[in-house]
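S.K.: model the following, please.
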Amino acid sequence: MSYDAIVIGGGHNGLVHAAYLAKAGKKVLVLERRHVVGGATITEEIVPGFKFLTGAYLISLLRPQVIQELNLAQHGLELLPLESTLVPLPNGDYLADWPDHDMTRREIMRHSRRDAETYEEFSLTMRRLSLAVKPLLDLFPPDPTSLQPRDLEQMARIRGVLHGMQKRDFHSLCRLCTMSIADFLDEWFETQPLKAIKCTSGIIGSFMGVRSPGSGYVALHHYLGEVDGVRRAWAFPKGGTGAFSQAIARSARAFGAEIMENAPVQQVLIKNGEAYGVALEDGREFTARRIISNADAKRTFLSLVPRHELPNDFVSDIERFKMTSPACKVNLALDGLPTFSAVPAGNQQLLRGSIEIAPSVDYLEQAYDDAKYGGWARKPFMDALIPSLLDPAMAPPGKHVMSLFVEYASSELEGGWTEARKAEFLDVVVDTLAEYSPDLKSKILHKHIMTPADIESMIGITSGHIFHGELSLHQLLFLKPSPQWAQYKTPVRHLWMCGSSTHPGGCITGAPGRNAAMELLKEWSA
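M.R.: From the prediction side, this is the model:
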């Protein structure tokens, strides 16, 4: 059977891409290697009754038009806003960041009057920068060396964004994107916990430290999010991130797309330099007018496409594409709600959001230093969430589940990720968290870890890098994944990309999938 388009990989961008093509009346087939769609955006009941978030865990940067245009609310997507971000401190105190600006300012005042006053201008500056840059998420990444009308048009859009900025904001943007997030925050604040809580946005999912140049851009990338129009908000999808993926899948099917699970692709079929189909590992073949890969760049071009079909300089670009992962994902099944020494008894509101183990800038940088030569952090940074406080159906009655995004632990761990090393690092994570939650260990019924090696083997992402590549300056816009091919097309005719190795990169945005679909539909209508 032949299709208009075959999408390789049923991660969220692949599903978004398929839904848009099907909505336009195209005959679309999505091929997913696992028994469930979603890629890294999944909910799995590894322990009976406990729903684990084995990959992504929160939503903020999801493009609002994806929700609206694909009718995701009608297909079951319900977003539950987080109520706070909590940083428990070793001295028994804490710092909380609230969705309400004035509440956060009063909280900062407990730690530093000067920082509370500075926070006002900092927030306004970051708001202006994020509002100015946000339109670039939906941009067709132009080739700045090209004189083609489309590239000139998109370059004009970028110039328009920059021209519309105040001079001081343009200077701040240049500094932020090229500085380390720690150095940038040093110019604003004096309080360690406040700087640390703001620094974490610059390292989530990226193998760089808070003092690494370029981490400022990663922080800005995370500032671009919103939930229901509330800027910088984060939300938990009811049912977990897997429920979000299922909502997109239902949307795609409603528009007429076909989704086939347990269908791992072995190779893209190419004849005379033109992609015409795919071969599955079980020998089945499917053909289509266009083949679109939602896999990462390395898996697509170094595994699925025969090397002789690609230019040598392009292959070199892909081989150099940075994808070393710094992160593990830990889930805990708990017999009850753990307590935290810093949180007053009965104050569950402080636990109904992110709980970050990030007491100081030096703590975060030391964690990076421990891991950057093929090791792991002795005292890791953690972004913890208790999903069952937001959605009780995530755990049995009276029980809880805790999700932990953990950095740093290198995908290139010296000696490899053996079962013994996994267990050892899992103990490091639990021991570190127990320093802030003394009854945690007594409440653990089951613990589960996904190392970078596990993410690669189970989900299929090279090195287990959740962003499909670093969000570093040399891998953005027209450089992503290669300066020669950054516009969703590839050197193989009729082979496209729609995953997070393309602009605008990682996080749950749906933008790469949507952007690539818009470009493909334009080509078909030309």
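
S.K.: show me what the longest helix along the chain is packed against.
M.R.: Taking DSSP state H as the criterion, the chain has its longest helix at helix 113-133. With contacts taken as 3 or more Cβ pairs under 8 Å, 6 or more residues apart in numbering; DSSP states H and E, helix 113-133 sits against helix 101-109, helix 167-178, helix 215-223, strand 230-231. Quick note: C-beta positions are derived from backbone N, CA and C, even for glycine.

S.K.: again, 6 Å this time
M.R.: With contacts defined as 3 or more Cβ pairs under 6 Å, 6 or more residues apart in numbering; DSSP states H and E, the secondary structure elements packing on helix 113-133 are helix 101-109, helix 167-178.

S.K.: make a markdown table from those and add mean neighbour count and mean pLDDT to it.
M.R.: As requested, the helices and strands packed on helix 113-133 are exported to a markdown table (neighbours: other Cβ atoms under 10 Å; pLDDT from 0 to 100):
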| stretch | mean neighbour count | mean pLDDT |
| --- | --- | --- |
| helix 101-109 | 16 | 94 |
| helix 167-178 | 15 | 92 |
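
S.K.: for Glu190, find the nearest of those helices.
M.R.: helix 101-109 (10.8 Å; Cβ to Cβ).

S.K.: give me the angle between that closest one and helix 113-133.
M.R.: Between helix 101-109 and helix 113-133, the angle formed by their directions is 140 degrees, by axes from the mean of the first three to the mean of the last three Cα atoms, to 10 degrees.

S.K.: now what about helix 101-109, what contacts it?
M.R.: Outside of helix 101-109, the residues within contact range by Cβ atoms under 6 Å, 6 or more residues apart in numbering are 96-98, 115-116, 119.

S.K.: now swap in stretch 129-142 and tell me
M.R.: If you take Cβ under 6 Å, 6+ apart as the criterion, stretch 129-142 is touched by 151, 154-155, 161, 165, 173, 223-224, 477-478, 486-487, 503-504, 511.

S.K.: circling back: got the contacts of helix 101-109 as a markdown table, with neighbour count, distance to Gly464 and pLDDT columns?
M.R.: Listed next are those as a markdown table, based on neighbours: other Cβ atoms under 10 Å; distance: Cβ to Cβ, whole Å; pLDDT from 0 to 100:
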| residue | neighbour count | distance to Gly464 | pLDDT |
| --- | --- | --- | --- |
| Ala96 | 23 | 31 | 95 |
| Asp97 | 19 | 29 | 93 |
| Trp98 | 19 | 33 | 91 |
| Asp115 | 18 | 37 | 97 |
| Ala116 | 19 | 40 | 96 |
| Tyr119 | 22 | 36 | 95 |
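
S.K.: out of the residues you listed, what pair is the most spread apart?
M.R.: Farthest apart among the contacts of helix 101-109 by Cβ to Cβ are Trp98 and Asp115. That separation is 15.4 Å.

S.K.: helix, strand, or coil at Ser206?
M.R.: coil (DSSP: H, G, I helix; E, B strand; the rest coil).

S.K.: can you map out the strands along the stretch 351-500 of the chain?
M.R.: For the stretch 351-500 of the chain, the strands defined by DSSP state E, counting those that start in this stretch cover 354-357, 376-385, 400-409, 444-450, 495-497.

S.K.: put together JSON lines for the ones you listed, with mean pLDDT on each row.
M.R.: JSON lines is the format used below for the strands of the stretch 351-500 of the chain (pLDDT from 0 to 100):
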{"stretch": "strand 354-357", "mean pLDDT": "97"}
{"stretch": "strand 376-385", "mean pLDDT": "97"}
{"stretch": "strand 400-409", "mean pLDDT": "97"}
{"stretch": "strand 444-450", "mean pLDDT": "97"}
{"stretch": "strand 495-497", "mean pLDDT": "98"}
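
S.K.: from the contacts of stretch 129-142, which land in helices?
M.R.: Among the contacts of stretch 129-142, the members that lie in helices (by DSSP H) are 151, 154-155, 161, 173, 223, 511.

S.K.: select, from those, the two members most distant in space.
M.R.: Maximum pairwise distance in those, criterion Cβ to Cβ, is 27.6 Å, between Asp151 and Tyr223.

S.K.: and those two? Which one has more around it.
M.R.: Residue environment comparison for Asp151 versus Tyr223 gives the larger neighbour count to Tyr223, 21 against 18, counting by other Cβ atoms under 10 Å.

S.K.: the more buried one: what's it in contact with?
M.R.: 126, 130.

S.K.: same deal with the one 3 residues further on?
M.R.: Contacts here follow Cβ under 6 Å, 6+ apart; on that basis Glu226 touches nothing.

S.K.: follow-up on the earlier one: tabulate the contacts of helix 101-109 (JSON lines), appending distance to Ser525.
M.R.: Rendered in JSON lines, the data for these read as follows (distance: Cβ to Cβ, whole Å):
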{"residue": "Ala96", "distance to Ser525": "51"}
{"residue": "Asp97", "distance to Ser525": "46"}
{"residue": "Trp98", "distance to Ser525": "47"}
{"residue": "Asp115", "distance to Ser525": "53"}
{"residue": "Ala116", "distance to Ser525": "54"}
{"residue": "Tyr119", "distance to Ser525": "49"}
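
S.K.: Tyr57: which of these is nearest?
M.R.: Proximity of those to Tyr57, judged by Cβ to Cβ, is greatest for Asp97, which lies at 17.6 Å.

S.K.: hang on, isn't the closest one packed against Thr85?
M.R.: Yes: between Asp97 and Thr85 there is a contact at 4.2 Å, judged by Cβ atoms under 6 Å.
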